[in-house]
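A.B. asks: With the sequence up front, the predicted model follows.
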Amino acid sequence: MAREGEGVISAYLDAKFKAAYEKSVKPRKNGKPLVVGNRIPDSNSIVLQSNDYLSLSKHPDITAAQIKVLQDAGREMVMSAVFLHEGSEKSIFEKAMADFVGVEDSVLCQSGWSANVGLLQVIAEENSPVYIDYFSHMSLWQGIKVAGAVPYPFRHNDVSHMERQIKEHGPGIVLVDSLYSTTGDMALLKDIIEVAKYYECVSVVDESHSLGVYGQNGAGLVNELGLTDEVNFMTASLAKAFAGRAGIIFCPEQFAQYYPYMAYPAIFSSTLLPHEIAGLQETLKITIKADEKRRCLHKYAKFLREGLDNLGYNIVSQSQIISIESGLDSDTELLRDALEQRDIFGSVFVAPATPKNRSLIRFSLHSELKKEELQYLLRVCEEIRDEVNMWGWKSTKRKGR
């Protein structure tokens, strides 16, 4: 016998699932969401989907460090970080990361998402004005929502628009990514931080896709631009160049002392386990010495950006993240299938990861690529231009103007 209200709940869920099917699955030729292609890559495929920019995920020294802790450690302490004492492996790693980037302290979090949400929940008050670039990561938007603060978005990389918003609504918090994960372009950090300081705003820069890849020894774009002492907080996912499953907040020492007792992600979620921290500690050592990997990555990225630009694709990237904006979902499906048929696999980005009707295929480069692989990718992109109607895309026409 159905319980009271069960039919209403079932109808509600059925309606939601039907709407999702109609929007995401039904229009697709393969009966799957657009981000899922028709083929599975094999060992001969060119796979440009991973954020493992320095190709460290299978590094034997990192694996060995994790195995050693797993074999030698006693019972794992599966608990919230609020119960950890000073001098734990977590706090030692946090100090090492702070020294690496050149700040007072850092806080290790469960993910880049929890780092951004927790940070905003702690530093923002209800109704605080928060000025955020339209293209900033969704975790920063979620942090604003959790804090009960008021978002004032500004047009992507439009410093003048940001300044007008601050003049109208008063001092608050400025949020940007240093390197935007969807399109691969960089924030105008010097100008943004200058304006933020002038109007006495707190600045937060998400370094997820630049940490390990830019700056002295991989310390990030803020470091490379000489802005470390000018930025109030930096955050990062350690699931990119650091190839782990964690996040981090770079911060003043006093903030690090109080954060674990104020941030809900820290209080109500278990901390990282010792073997995970051991892997990150080894990753840090390798990253500091990875200048040759960074040199190769930047060389390959420049080669591919210039090659796609010469073929007529509208590439806005300035980094190892290179996206082709096909626009309409139907065009993106066509592009994805054409690439996969030729054994090239990128990542499909659609709304809400992109604005509506600005979907794209993202190529995430890594340091172990071969020049021949990139040359093949460029030959394919030249070959399929008419097949995928590249000349008719809005992005191509924007480039023409």
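C.D. replies: In hand now; what should we look at?

A.B. asks: Residue 106 and residue 100, how far apart?
C.D. replies: Distance, residue 106 to residue 100, using CB to CB, to the nearest Å: 9 Å. For every residue, glycine as well, the C-beta is placed using N, CA and C.

A.B. asks: and these two? which has more neighbours close in?
C.D. replies: Ranked by neighbour count (other CB atoms under 10 Å), residue 106 and residue 100 place residue 106 first, with 27 against 23.

A.B. asks: The more buried one: helix or strand, and which one exactly?
C.D. replies: strand 105-109 (DSSP states H and E).

A.B. asks: need the next SSE after that strand, C-terminal direction.
C.D. replies: Strand 105-109 is succeeded, C-terminally, by helix 112-123 (DSSP H and E).

A.B. asks: what's the angle between that next one and strand 105-109?
C.D. replies: Angle, helix 112-123 to strand 105-109, by axes from the mean of the first three to the mean of the last three CA atoms, to 10 degrees: 120 degrees.

A.B. asks: CA-only coordinates of helix 112-123 in CSV, if you can.
C.D. replies: This file holds the C-alpha atoms of helix 112-123, laid out as CSV (Å, rounded to 0.1, in the frame of the first residue of the first chain):
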residue,chain,number,x,y,z
GLY,A,112,39.1,22.5,-4.5
TRP,A,113,35.4,22.7,-4.2
SER,A,114,35.4,22.5,-0.5
ALA,A,115,38.3,24.9,-0.3
ASN,A,116,36.4,27.6,-2.2
VAL,A,117,33.1,27.0,-0.5
GLY,A,118,34.7,26.9,3.0
LEU,A,119,36.7,30.0,2.4
LEU,A,120,33.7,32.1,1.3
GLN,A,121,31.6,30.7,4.1
VAL,A,122,34.2,32.0,6.6
ILE,A,123,35.2,35.4,5.2
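
A.B. asks: Pull the residues that contact it.
C.D. replies: Applying CB atoms under 8 Å, 6 or more residues apart in numbering, the contact partners of helix 112-123 are 107, 109, 130, 137, 139-140, 142-144, 146-147, 149, 173, 175, 202, 204, 206, 208, 233, 235-239, 247-249, 255, 258-259, 262-266, 269.

A.B. asks: how about 7 Å then?
C.D. replies: Residues outside helix 112-123 that contact it (CB atoms under 7 Å, 6 or more residues apart in numbering) are 109, 137, 139-140, 142-144, 146-147, 173, 202, 204, 206, 208, 233, 235-237, 239, 247-249, 259, 262-266, 269.

A.B. asks: Would you give the sheet partners of the strand holding residue 106, along with the direction of each?
C.D. replies: Using DSSP bridges, the strands paired with strand 105-109 are strand 247-251 (antiparallel).
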